[in-house]
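>>> compute the structure for the input listed below.
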Amino acid sequence: MVGWIIVAALAVLVVWGIAKYNGLITLRNQVANGWKQIDVQLKRRHDLIPNLVSTVKGIMEFEQDTLMKVIEARSAAMGARGVKDAAAKEGALTDALSKFFVVVEQYPQLRASENVNKLQEELTSTENKVSFARQFYNDIATTFNTAQQVFPDNLVAGAFHFQPAELFEITVAAEREVPAVNLSLKK
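Here you go, the predicted model:
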């Protein structure tokens, strides 16, 4: 009788361990999927930028420095490796694009251009998608990291050498600043 109890307890323990291991594998795969969703949106962003730059290049001949900063930031972002590197380089690209859009606003012929407006709208839409993808990634990465740290799941995670996922963090100080909003009708 005692032998059967021991066998049953071991069977329950093995089933529990398999379930926890499979749960961690599922979360790890969801984290990888979350990162790939960010990657898809960043590729779209990277593909839109050359179109925008080439559309405005002739008109913005006096703003070549601004254009070069966007191109350089895009190249650096495309070469990013890992979450922290991507966060830093994509933050720099966001900053360069923000400055670029400020300069574009100074050119009436660009503001009136349907192509420029369409590309700006597509980039804005892509920025929103990137933001949502980052939020999803951080949510699932946090769930994965928590699952590795709570007892008794941490025993399975440690036994199989699961590593915590990096979170996507803001690394550019300008992105943390609260935007100034002026709702007055005075200029």
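
>>> alpha carbons only for contacts and neighbour counts from here, please
Noted.

>>> what residues sit buried inside stretch 4-19?
residue 17 (16 or more other C-alpha atoms under 10 Å).

>>> with stretch 40-51 instead?
Quick answer for stretch 40-51 (16+ other C-alpha under 10 Å): 41, 42, 44, 45, 46, 48, 49.

>>> and residue 94, how far is that from residue 124?
Between residue 94 and residue 124 the computed distance is 11 Å (C-alpha to C-alpha, to the nearest Å).

>>> same question, residue 108
The spacing between residue 108 and residue 124, counted by C-alpha to C-alpha, is 20 Å.

>>> pick out whichever of those two has more residues nearby.
The neighbour count for residue 108 versus residue 124, taken as other C-alpha atoms under 10 Å, is higher for residue 124 (13 against 9).

>>> of the buried residues of stretch 40-51, which belong to helices?
Under the assignment DSSP state H, the buried residues of stretch 40-51 contribute 41, 42, 44, 45, 46, 48, 49 to helices.

>>> pull the contacting residues for the first one.
For residue 41, the set of contacting residues under the criterion of C-alpha atoms under 8 Å, 6 or more residues apart in numbering consists of 126, 129, 130, 133.

>>> how about residue 20?
Each residue near residue 20 by C-alpha under 8 Å, 6+ apart is listed here: 153, 156.

>>> where does it land in three-state SS?
Following DSSP: H, G, I helix; E, B strand; the rest coil, the label given to residue 20 is helix.

>>> what pLDDT does it get?
pLDDT recorded at residue 20 is 91.

>>> so the most centrally placed residue in the chain, which of the three states?
For the chain, the residue nearest the mean C-alpha position is residue 134 (3.9 Å; C-alpha atoms, centre = their mean). The local conformation at residue 134, judged by three-state DSSP, is helix.
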